[in-house]
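>>> Dropping the sequence and predicted coords here.
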Amino acid sequence: MSQQFSNDFWNRMYELAREAPGRNAEVMHDGGRVVVVQDLDDADAVLRKRLANYPKNLQWFAQVGGQSRLTEDGDQWRFRAGLSQPSFSRYDHDRGYAISARQARRMAGLLAANTKAPLLDEDAIHHSILSIFTEMFLDVELDRIPMAHDGPSRLIELASRYTCIHRGQGQDAHTKEHIRQILESRRQVFGGMQCLRDAGEYDSAMMRRMLAAEAVPGYDFRFEKEMTTLFVAGADTASNSTGWALHLLATYPELQERLHAGQRAIHASLPDGPERCKAILADQDLKAFVSELLRLHSPLPFVTRVARADDRLSDIDVHAGDVVIVSLIGVNRKAMARPDFWIPDIDAAAREGVGMGTGIHSSFTWGARVCGGRNFALLELTTVLSFLIAELRLELSEDLPVENEWVGQMRRKGGHRVRVTPRVLFSPIFDQ
Ligand code: HEM
């Protein structure tokens, strides 16, 4: 039976980034060759300069989770990207802040509701972050869509078993139970989304473009498939990043206090609105923290491609058909000169800036397939973290080693052992 890309495989990717960051490697998996790219210039070749030789490697994943702009290449990709990218690129910045701030306040209230709970309530984080996405891009409140908010995440988790499989392999990776779960999950998610077809009730520019696209011959476009992937790309990423951020803050109390002092000063001195938003986004400590967060705990730390033809990278030959994994944590060249690569250091990150080889740059990839929501993600994540840092105190409930789990994104296995309490001195959130 084909061996799936399991957590053991992903743990090996982390080990490579620890043992020899910046250096490429070759691993065998299930009889196939996998080239792991950690050299920044080689990553640039795969992701940008020689993009045509390195298409996505997600056809099995697409069969389960659905074809979308994340899985397709060439004309099929361009067609799909044209439906959502106008909304992701040209959004109202002030509205994006206002929606993110409102949901952040709600999230802070929910997280602090049970001060004894030993596990971070990631469900509450996900609900609030997906609410930002649906309000911002679909003009609809999440709870009006008759579907479990984590339904799309579960479907993608079922598909994630097929993330990197070599072409022509994986046919025997299905089990009857797995297929049953996939079909049931698709039924629930795609069924729940049907309401969005009702243009009288749910009207947004992105939905209008998608519904019209279903009639265009040659693309086999179905909005439910695209939207499922976009829900996960646009919300689970920011939601997982928020969870990892709270874990980092709980793990490094001095860092937490420094960031809290800065955010508290901003929130106390400026009324909520565009001025406060400007101050939050300009805050160098918070910006450096976001960069460190994404460098150490990117929700998508490895992206997968397949080589079309033989190629030569700096120190390794690539053969046609090889799976090529770009390790976005292994390419962060700038931090490699530090005494300890694995500890967040916001002063060092501020000195290193935001260019190639830093966490805030590489975790979204670059080139034509750069994250379509990068600018919005940074606005949203920075705003949400600002409110949570100003309002909450985070402590580790248990100091356990971190184990990662691949569910189409990287999340903390067993959840974050973080206890949340409201800060007593400053709590306007709960008055609003
Ligand atoms: C912390 C938050 C986020 C991170 C770290 C992140 C990271 C990434 C990465 C690494 C990719 C490339 C995947 C690959 O090439 O295989 C990607 C693609 C994408 N992301 Fe994000 N993302 C985030 C948030 C968002 C948000 C908020 C949106 C939408 C509002 C979004 C929309 C997309 C889209 C549409 C693509 C596909 C781009 C294409 O190939 O056409 N992402 N993201």
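Okay, I see it.

>>> Could you point out the helix or strand that follows the helix or strand of the chain with the lowest mean pLDDT?
Ranked by mean pLDDT, DSSP states H and E, the weakest helix or strand in the chain is helix 59-65, scoring a mean of 78. Moving toward the C-terminus from helix 59-65, the next helix or strand (DSSP states H and E) is helix 74-89.

>>> Is the ligand within reach of whatever helix or strand comes next after that following helix?
From helix 74-89 onward toward the C-terminus, using DSSP H and E, the following helix or strand is helix 93-111. No. Helix 93-111 does not reach the ligand (Cβ under 6 Å from any ligand atom); its nearest approach is 9.7 Å. Placement of C-beta: from N, CA and C, glycine included.

>>> Against which helices or strands is helix 93-111 packed?
With contacts defined as 3 or more Cβ pairs under 8 Å, 6 or more residues apart in numbering; DSSP states H and E, the secondary structure elements packing on helix 93-111 are helix 122-138, helix 274-282, helix 374-391.

>>> for the last one, which positions count as buried?
Taking 16 or more other Cβ atoms under 10 Å as the neighbour-count basis, helix 374-391 is seen to contain the buried residues 374, 376-391.

>>> What parts of the stretch 51-200 of the chain come near the ligand?
So the stretch 51-200 of the chain meets the ligand at R69, L70, A81, S84, F88 (Cβ under 6 Å from any ligand atom).

>>> from those, which is closest to W406?
Using Cβ to Cβ, L70 comes nearest to W406 of those, at 15.9 Å.

>>> The closest residue to the closest one other than its chain neighbours: how many residues sit nearby?
Setting aside the residues directly before and after it, L70 is nearest to T229 in space (Cβ to Cβ, 6 or more residues apart in numbering), at 5.2 Å. One way to gauge burial is a neighbour count; for T229, by other Cβ atoms under 10 Å, it gives 26.

>>> so T229 sits in a helix?
Yes. The assignment for T229 is a helix, going by DSSP: H, G, I helix; E, B strand; the rest coil.

>>> Return the per-residue confidence for it.
The confidence metric pLDDT takes the value 94 at T229.

>>> Please name the residues that touch it.
Neighbouring residues of T229 by Cβ atoms under 8 Å, 6 or more residues apart in numbering: G65, G66, S68, R69, L70, T71, P152, I156.

>>> In contact with the fifth one, which residues?
Each residue near L70 by Cβ under 8 Å, 6+ apart is listed here: K56, L58, T229, A233.

>>> Report pLDDT for the spatially closest residue to the second one that is not a sequence neighbour.
If you skip the residues right next to it in sequence, L58 has T71 as its closest partner in space, 4.2 Å away by Cβ to Cβ, 6+ apart. With respect to pLDDT, T71 scores 92.

>>> Just read off the phi/psi values of T71.
Phi and psi for T71, reported as degrees, to the nearest 10, are phi -100, psi -20.

>>> wouldn't it be in contact with P55 here?
No. Applying Cβ atoms under 8 Å as the test, T71 and P55 come out as separate, 10.1 Å apart.

>>> Between these two, which has more neighbouring residues?
Shown here are T71 and P55; by other Cβ under 10 Å, T71 has more neighbours (22 against 17).

>>> how about the more buried one, what does it touch?
K56, L58, Q59, F61, A62, G65, T229.

>>> rerun that using 7 Å as the cut-off
T71 is in contact with K56, L58, F61, A62, counting by Cβ atoms under 7 Å, 6 or more residues apart in numbering.

>>> Among these, which one has the most neighbours?
For the contacts of T71, counting by other Cβ under 10 Å, the largest number of neighbours falls to F61: 26 neighbours.

>>> Identify the residue nearest that one in space, chain neighbours excluded?
The nearest residue in space to F61 (Cβ to Cβ, 6+ apart) is Y162, at 4.6 Å.

>>> any idea how far G191 is from the ligand?
From G191 over to the ligand the distance is 23 Å, taken as Cβ to the nearest ligand atom, to the nearest Å.

>>> Need the phi and psi values for that residue.
On the backbone of G191 - angles per degrees, to the nearest 10 - the values are phi -60, psi -50.

>>> Can you give me the pLDDT of it?
Model confidence at G191, expressed as pLDDT, equals 95.

>>> Now for it, how many residues are close by?
G191 has 13 neighbours, counted by other Cβ under 10 Å.

>>> Against M356, how distant is it?
When Cβ to Cβ, to the nearest Å is the yardstick, G191 and M356 sit 44 Å from each other.

>>> returning to what we had before: near the ligand, from the buried residues of helix 374-391?
Taking Cβ under 6 Å from any ligand atom as the test, the ligand is in contact with F376, A377, L381 out of those.

>>> of the residues you listed, closest to the ligand?
Here the nearest of those to the ligand, counting by Cβ to the nearest ligand atom, is A377; it sits at 3.6 Å.
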